[in-house]
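Engineer: all I have is the shape, not the residue letters:
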């Protein structure tokens with residue numbers, strides 16, 4: 001759809017003329033413009049396919065409190081107009097920058113702010129469930145997980161998939177509705193968090209969903225469970241992030257440690273489902289050129305993390321991931337070697 005059509009629909013939706021549209025990139029799923037009204041700038045997000053993202057983002061903007069304000073919405077047109085938070089540094093900018101202290105403090109503050117926002121969202125869970133489209137955001141987790149197991153078997157022929165699958169009972173339980181559930185943005189990647197006057201604000205809520213908070217905690221531990229911004233963290237960072245997130249979240253159950261491990265195990269296999277084809281094909285960049293790792297680096301980092309950290313709770317999967325990491329080193333050589341975040345090198 002031409003940009004002029006998006007602009008015309010946004011003007012009708014907002015009930016005001018818009019000028020000076022600036023394309024902010026968006027994705028294959030959406031077009032995002034910064035436009036000017038008579039007295040301010042606004043953000044226009046136009047979803048190009050009917051996948052429920054506009055409904056989820058509208059719910060997230062309405063019910064989560066560290067986000068932009070939803071100013072107008074065209075449900076039939078799959079278009080949202082929201083307040084403009086302005087150009088500010090993201091967590092990705094800090095992690096990929098050169099200031100170690102700013103990156104560490106920023107990441108810790110992001111983790112605590114995210115946990116606190118999710119804690120406050122518990123009062124909105126019933127309304128969110130009523131308003132959200134039926135079913136999970138994006139691809140259902142367990143079909144993707146099963147694809148991850150199949151991809152793991154591609155590099156490790158003869159793998160006992162049934163034995164590994166049996167270890168995922170705890171992860172499956174995280175998907176069942178429960179009293180601990182929160183409303184969360186889902187895609188809590190470093191480039192979707194903006195630092196404004198010392199406080200973190202959250203962007204890109206097209207996957208907003210109700211879920212167990214351990215799924216968000218996995219972003220602290222892996223780190224960044226479904227993101228392109230994946231490098232080896234320095235010692236102590238992920239422990240600090242999880243502690244800050246848990247402090248912000250407040251109430252957790254007696255099985256919190258295991259629930260977080262279950263979420264991390266699931267994301268390790270989900271990443272294998274998403275990324276193995278492109279890693280095997282040698283696709284060079286997961287995210288922006290020059291900022292993100294290669295698919296081979298990302299996948300090898302995930303496999304090595306799982307081999308080390310899942311030994312006690314997922315022994316069969318851990319052993320398979322150890323072998324997959326060795327296969328990556330033997331097959332891809334230096335192309336598989338992850339590097340650290342630039343701010344911590």
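Structural biologist: On my side now, so go ahead. Note that the structure is a prediction, hence the values are computed from the model and not measured. Residues are numbered from 1 along each chain as shown.
Engineer: count of neighbours near residue 289?
Structural biologist: Close neighbours of residue 289, defined as other C-beta atoms under 10 Å, add up to 7. Every C-beta, even on glycine, is put in place using the N, C-alpha and C of the backbone.
Engineer: now do the SS call for it.
Structural biologist: For residue 289, the reduced secondary structure class is coil; criterion used: DSSP: H, G, I helix; E, B strand; the rest coil.
Engineer: where's stretch 37-45 relative to the chain centroid, distance-wise?
Structural biologist: Its chain's C-alpha centre and that of stretch 37-45 lie 27 Å apart, by C-alpha atoms, centre = their mean, to the nearest Å.
Engineer: pull out the buried residues from it.
Structural biologist: Taking 16 or more other C-beta atoms under 10 Å as the basis for neighbour counts, the residues of stretch 37-45 that come out buried are 37, 42, 43, 44, 45.
Engineer: show me which pair in these is furthest apart.
Structural biologist: Within those, 37 and 45 form the most distant pair, 15.8 Å apart (C-beta to C-beta).
Engineer: still on that earlier bit, and which of the buried residues of stretch 37-45 is nearest residue 286?
Structural biologist: Distance ranking of the buried residues of stretch 37-45 against residue 286, using C-beta to C-beta, places residue 45 first at 23.0 Å.
Engineer: list of residues touching the one helix or strand the closest one maps to?
Structural biologist: Secondary structure here is read from DSSP states H and E; on that basis residue 45 sits in strand 41-47. Residues from elsewhere that reach strand 41-47, judged by C-beta atoms under 8 Å, 6 or more residues apart in numbering: 1, 6-7, 9-10, 14, 18, 21, 24, 26, 29-36, 53-54, 57, 68, 71, 77-84, 86, 206.
Engineer: residue 120 looks like it's in a helix, true?
Structural biologist: Yes. Using three-state DSSP, the assignment for residue 120 is a helix.
Engineer: correct me if wrong: it contacts residue 63.
Structural biologist: No. The pair residue 120 and residue 63 does not pass the contact test of C-beta atoms under 8 Å, sitting 9.7 Å apart.
Engineer: what sits against residue 278?
Structural biologist: The neighbourhood of residue 278, defined by C-beta under 8 Å, 6+ apart, consists of residue 295.
Engineer: look up phi and psi at it.
Structural biologist: Residue 278 adopts backbone torsions of phi -70, psi -30, taken as degrees, to the nearest 10.
Engineer: again with the one 10 residues further on
Structural biologist: The phi and psi torsions at residue 288 (degrees, to the nearest 10) take the values phi -60, psi 140.
Engineer: and what of residue 82?
Structural biologist: Main-chain torsions, residue 82, degrees, to the nearest 10: phi -130, psi 160.
Engineer: ok, back up a step: from the buried residues of stretch 37-45, which is closest to residue 100?
Structural biologist: The shortest gap between residue 100 and any of the buried residues of stretch 37-45 belongs to residue 43, at 31.9 Å (C-beta to C-beta).
Engineer: roughly how far does that closest one sit from residue 50?
Structural biologist: With the distance defined as C-beta to C-beta, to the nearest Å, residue 43 ends up 21 Å from residue 50.
Engineer: residue 177: neighbour count?
Structural biologist: As a burial measure, residue 177 scores 11 neighbours (other C-beta under 10 Å).
Engineer: what's the helix or strand for it?
Structural biologist: Secondary-structure assignment from DSSP H and E places residue 177 in no helical or strand segment.
Engineer: center of the protein, which residue is that?
Structural biologist: Taking C-alpha atoms, centre = their mean, the centroid of the chain lies closest to residue 187, which sits 2.9 Å from it.
Engineer: which ones are touching that one?
Structural biologist: By C-beta under 8 Å, 6+ apart, residue 187 lies in contact with 204, 205, 206, 207, 226, 227.
Engineer: likewise residue 82?
Structural biologist: 42, 43, 45, 61, 68, 69, 70, 71.
Engineer: quick check, the last one in a helix?
Structural biologist: So that's residue 71. No. According to three-state DSSP, residue 71 belongs to no helix; its state is strand.
Engineer: pretty sure it contacts residue 81?
Structural biologist: Yes. With contact taken as C-beta under 8 Å, residue 71 and residue 81 are classed as touching, separated by 4.7 Å.
Engineer: so which helix or strand takes in residue 102?
Structural biologist: Taking DSSP H and E as the criterion, the element that holds residue 102 is helix 100-121.
Engineer: pLDDT at residue 235, what is it?
Structural biologist: Per-residue confidence at residue 235 stands at 96 (pLDDT).
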